[in-house]
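**Student:** after the sequence you'll find the predicted model.
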Amino acid sequence: MTNPPATVQIQPVNTPEAAEQFLDVPNLVYANDPNWVPPLRSSVAKQFAPDNPFFQYGRLQRFIALDQKGRAVGRVAAIVNDRLIQKEQKAIGLFGYFECIDAADVAMALLEAACQWLREQGMVAVRGPIDLSTHNNCLFLVDGFDSPPYVMMPYNPPYYPQWVEQAGWQKAKDAYAYDFPGNRLASEYERAYQIAIKSGVNFRSIHLKGEGFQKDAMGLYDVFTKAFENNWSSTPRTQEEFMEEAKSLQSLVDPDVFWIAEVQGEMIGFFMALPDYNLALKHVNGKLNWFGILKFLWYRRSIDRVRVIAICVLPEYRRKMVAPALIYVGMKGGVTRKKPYTKAELSWVYEDNLPSRRIIEGVEAKIYKTYRMYEKPL
């Protein structure tokens, strides 16, 4: 293991005090960055709680870098996801939750501490950044630093990818975010919508209450798991994980931009978008105390843009024009509501996902941010 620089000490997180310091690091790194949106501190902390379903099939070790004053100036987590190893048939570890001040030697020491722990776990390669799994935060932003991230999208200083590349990490895969002007209805896909309707597909917005929500959430889990089972570097969430996330998002969903495709009452696809709550979260500084909740509710009213997270269709229905039809109803719902959305981001899409890229680029959406995953042999 490379010795850490003399000015810092790399320390494993094994006390409540160190866990709090781990959570503090981003506030130092992004103190003067106008584009950064602080994540909810409680949400990040919850990911390390013993009752997180991840720990049924994974393990991790967190590290922090402490300067001479005892201040945490960097952090990283080394992660073993046994479900991913089983899927890829390779002992590949992960690094995630990486944040560091602008000091390359500190960053290298943190990353090497993570790599060394993964070697001790029997890993032969490392990939990242991935926070536990690709269903959480992942990827480094490598192009498009001039604007804030949309909700649930990564953001980082430009020196992060520069550091890992200088240290010999190789690009594993790029992903893109597309900019889509919300006032441009996808009218050319209206024909796809009509074709899908004639072939027996029904479209409706998601149910958000009672048994209807529970049934829709289970349908989303089934479709998501089947449609994305071969996604790169990804493993299906457990039903428990998926339902917990669904419940956490229930009050945030706008049914105008969350549409479901059905055939004979069975879900076969969906268009999942969320209002860009980062526009409100920007003002609460990562804490939803009573004052933070009031500010969130106040700024939530002015959200005028939306992030399209997934356009998902079961494989056997992809030739029935369901995907472009879902784009049509989803975008139409966004621009015909009482307070229309003026802008949308479609993200993220892997560079080699050509079928999805063709559909998205067919409505003149443009790539405006690029993200990257890295790998390195151990």
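**Tutor:** Structure received.
**Student:** hey, let's count contacts and neighbours off CA atoms from now on
**Tutor:** Fine.
**Student:** so which residues of this structure form strands?
**Tutor:** Along the chain, counting by DSSP state E, strands occupy 8-12, 58-67, 72-81, 92-100, 125-128, 140-143, 170-181, 201-205, 258-263, 266-275, 305-313, 343-350, 366-377.
**Student:** quick check: angle from the fourth one to strand 366-377?
**Tutor:** Pointing back at strand 92-100 there. Angle of strand 92-100 versus strand 366-377, following axes from the mean of the first three to the mean of the last three CA atoms, to 10 degrees, is 120 degrees.
**Student:** helices along the stretch 201-350 of the chain, start to end?
**Tutor:** 210-227, 239-249, 278-281, 290-300, 322-335 (DSSP state H, counting those that start in this stretch).
**Student:** out of those helices, which one sits most buried?
**Tutor:** Greatest average neighbour count among the helices of the stretch 201-350 of the chain goes to helix 322-335 (a mean of 26), per mean count of other CA atoms under 10 Å.
**Student:** list the helices and strands that one packs on?
**Tutor:** helix 190-198, strand 201-205, strand 258-263, strand 266-275, strand 305-313 (3 or more CA pairs under 8 Å, 6 or more residues apart in numbering; DSSP states H and E).
**Student:** does Tyr30 touch Pro39 like I think?
**Tutor:** No - judged on CA atoms under 8 Å, Tyr30 makes no contact with Pro39 at a distance of 11.7 Å.
**Student:** what residues does Val349 make contact with?
**Tutor:** Val349 is in contact with 175-177, 356-357, counting by CA atoms under 8 Å, 6 or more residues apart in numbering.
**Student:** any idea which of the residues you listed is least confident?
**Tutor:** Scanning the contacts of Val349 for pLDDT, the low point is Ser356. It has 86.
**Student:** which residues touch it?
**Tutor:** Val349.
**Student:** tell me how far it lies from Val80.
**Tutor:** 30 Å (CA to CA, to the nearest Å).
**Student:** so what touches the lowest-mean-pLDDT helix or strand in the chain?
**Tutor:** Lowest mean confidence among the helices and strands of the chain (mean pLDDT, DSSP states H and E): helix 290-300, at a mean of 83. Residues from elsewhere that reach helix 290-300, judged by CA under 8 Å, 6+ apart: 277, 279-281, 283-285.
**Student:** could you do stretch 31-43 as well?
**Tutor:** By CA under 8 Å, 6+ apart, stretch 31-43 touches 23, 26-27, 30, 146-149, 155, 278, 281-282, 285-288.
**Student:** one more time with 7 Å
**Tutor:** 23, 30, 147-148, 278, 281-282, 285-287 (CA atoms under 7 Å, 6 or more residues apart in numbering).
**Student:** and if you look at stretch 207-224?
**Tutor:** For stretch 207-224, contacts defined as CA under 7 Å, 6+ apart pick out 206, 242-243, 246, 250, 267-269, 312, 314.
**Student:** equivalent analysis for stretch 87-106, please.
**Tutor:** 4-5, 25-26, 29, 73-80, 85, 107, 114, 118, 123-131, 163.
**Student:** redo that, cut-off 6 Å
**Tutor:** Stretch 87-106 is contacted by residues 29, 73-80, 85, 123-131 when judged by CA atoms under 6 Å, 6 or more residues apart in numbering.
**Student:** what of stretch 269-280?
**Tutor:** Contacts of stretch 269-280 (CA under 6 Å, 6+ apart): 150-151, 253, 257-261, 296, 299-300, 305-313, 326.
**Student:** that one - what's its average pLDDT?
**Tutor:** 94.
**Student:** gap between the two ends of it?
**Tutor:** Start-to-end, stretch 269-280 (CA to CA) is 30 Å.
**Student:** for it, the distance to its chain's centre please.
**Tutor:** 12 Å (CA atoms, centre = their mean, to the nearest Å).
**Student:** cool, stretch 325-336 as well?
**Tutor:** Worked out by CA atoms, centre = their mean, stretch 325-336 lies 23 Å from the chain centre.
**Student:** for that stretch, what is the average pLDDT?
**Tutor:** Averaged across stretch 325-336, pLDDT comes to 89.
**Student:** which other residues reach that stretch?
**Tutor:** Contacts of stretch 325-336 (CA under 6 Å, 6+ apart): 186, 189, 192-193, 256-257, 271, 340-341.
**Student:** redo the helices of the stretch 201-350 of the chain as a markdown table? Include distance to Ala65.
**Tutor:** Listed next are these as a markdown table, based on distance: least, CA to CA, whole Å:
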| stretch | distance to Ala65 |
| --- | --- |
| helix 210-227 | 38 |
| helix 239-249 | 31 |
| helix 278-281 | 28 |
| helix 290-300 | 30 |
| helix 322-335 | 45 |
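**Student:** identify each buried residue in stretch 353-363, please.
**Tutor:** Taking 16 or more other CA atoms under 10 Å as the neighbour-count basis, stretch 353-363 is seen to contain the buried residues 356-357, 360, 363.
**Student:** tell me which of the contacts of stretch 325-336 has the lowest pLDDT.
**Tutor:** Ala186 (56).
**Student:** what separates the least confident helix or strand of the chain from the chain centre, distance-wise?
**Tutor:** For helix 290-300, the distance to the chain centre is 23 Å (CA atoms, centre = their mean).
**Student:** with adjacent residues omitted, what lies nearest to the residue positioned nearest the centre of the chain?
**Tutor:** Among the residues of the chain, the one closest to the centroid is Asn137, at 4.1 Å (CA atoms, centre = their mean). The shortest distance from Asn137 to any residue other than its chain neighbours is 5.5 Å, reached at Asp131 (CA to CA, 6 or more residues apart in numbering).
**Student:** fine, thanks again, bye for now.
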